[in-house]
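Colleague: no sequence for this one, just the structure:
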Ligand SMILES: Nc1ncnc2c1ncn2[C@@H]1O[C@H](COP(=O)(O)OP(=O)(O)OP(=O)(O)O)[C@@H](O)[C@H]1O
């Protein structure tokens, strides 16, 4: 099936001369939840702003549902709902009017039944006649989601949805996201919380310095999570890994004081027994041994660090 969003060789240089995106290519599948993970300033907001038609690219191409985001702006914008980081709506407008107006802005005919459903789904129904400035921060965030869903988009972008949000709201937001996914909506969320990506995403893309470093199924990343590391502290530092141990994929750390061996806990043979025997045979004396489970956090730090 053709991807619902296709980004190819996208670049963005801001007027200041800063290059925020450097040849980004990414396909987003219909119906998936993709987490776009990256540190501050990585280019996440720039990327989704271009897909949503808010920021113009400097080069490259983006299609949404087969339409070009620049040439066919109306069609692509109608398919997309965007939940921005901050609320910029009129503080004196009511919840009902704000959300209904948003539907109209996207060229859709009024549909009070749909607006009612969206407000009920987001537990905002009893606040429908309140003006926005009377709402708590968490409720305002839910209004942002309601606005983004007002025109029944096929694709929903959530930019840092849980920054500064309490645990309860976070949970209820994930329930909403799950329901939307079940109804066939494609969801892209940006975050720098790794646990968040781990919890909810089907696929994870890591972006840093305006470049996509990795796009992978979460399940595949989880397999990497299943990997462990044997850390051998040496009595005497080694300058390099001896040739007799070259059949093992070993790394030296801490100026030769530590040997690192990565192994798969689910494999029939981890290779640990043979490795320890080989170390003894090579006359290498050990001071200590420990094992460590790698996490998505480690993988993230590793790939972002390696790219620097
Ligand atoms: N209008 C602009 N003019 C100049 N530089 C900009 C502009 N908007 C963003 N940038 C720069 O582009 C880079 C990427 O910004 P972007 O907002 O896309 O990052 P982000 O990954 O969303 O970060 P965060 O996690 O902090 O929201 C940053 O270095 C930022 O300073």
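Modeller: Cool, the structure landed. In this text the structure is predicted, and so the values were computed from the model without any measurement.
Colleague: who in the stretch 51-200 of the chain is up against the ligand?
Modeller: Applying the criterion CB under 6 Å from any ligand atom, the portion of the stretch 51-200 of the chain that neighbours the ligand consists of residue 192. Where you see a C-beta, it was placed from the backbone N, CA and C, and this is true even at glycine.
Colleague: what bits of the stretch 51-200 of the chain have low per-residue confidence?
Modeller: Along the stretch 51-200 of the chain, the model assigns pLDDT under 70 to residues 87-89, 164.
Colleague: hey, where'd the helices end up in it?
Modeller: 73-79, 95-105, 112-121, 137-149, 167-182, 194-200 (DSSP state H, counting those that start in this stretch).
Colleague: Give the buried residues for the fourth one.
Modeller: What it means is helix 137-149. When burial is assessed from 16 or more other CB atoms under 10 Å, helix 137-149 yields the following buried residues: 138-149.
Colleague: and what of the fifth one?
Modeller: For helix 167-182, a neighbour-count test (16+ other CB under 10 Å) marks 169-170, 172-173, 176-177, 180-181 as buried.
Colleague: Dump these to JSON lines, plus distance to residue 70.
Modeller: Written out in JSON lines, the entries for the buried residues of helix 167-182 read as follows (distance: CB to CB, whole Å):
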{"residue": "169", "distance to residue 70": "36"}
{"residue": "170", "distance to residue 70": "35"}
{"residue": "172", "distance to residue 70": "36"}
{"residue": "173", "distance to residue 70": "31"}
{"residue": "176", "distance to residue 70": "31"}
{"residue": "177", "distance to residue 70": "29"}
{"residue": "180", "distance to residue 70": "27"}
{"residue": "181", "distance to residue 70": "28"}
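Colleague: quick one on the thing from earlier: now the helices of the stretch 51-200 of the chain in JSON lines, with distance to residue 64?
Modeller: Converted to JSON lines, the helices of the stretch 51-200 of the chain look like this (distance: least, CB to CB, whole Å):
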{"stretch": "helix 73-79", "distance to residue 64": "4"}
{"stretch": "helix 95-105", "distance to residue 64": "18"}
{"stretch": "helix 112-121", "distance to residue 64": "22"}
{"stretch": "helix 137-149", "distance to residue 64": "15"}
{"stretch": "helix 167-182", "distance to residue 64": "17"}
{"stretch": "helix 194-200", "distance to residue 64": "22"}
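Colleague: Which one of those helices lies nearest to residue 229?
Modeller: When the helices of the stretch 51-200 of the chain are ranked by distance to residue 229, counting by CB to CB, first place goes to helix 194-200 at 18.4 Å.
Colleague: so how far is that closest one off the chain centroid?
Modeller: Computed by CA atoms, centre = their mean, to the nearest Å, the chain-centroid distance of helix 194-200 equals 8 Å.
Colleague: need the next SSE after it, C-terminal direction.
Modeller: Following the chain from helix 194-200 toward its C-terminal end, the next helix or strand by DSSP states H and E is strand 203-208.
Colleague: Check which helices and strands that following strand sits against.
Modeller: For strand 203-208, the contact count by 3 or more CB pairs under 8 Å, 6 or more residues apart in numbering; DSSP states H and E identifies strand 33-37, strand 211-217, helix 218-225, helix 296-307 as packing neighbours.
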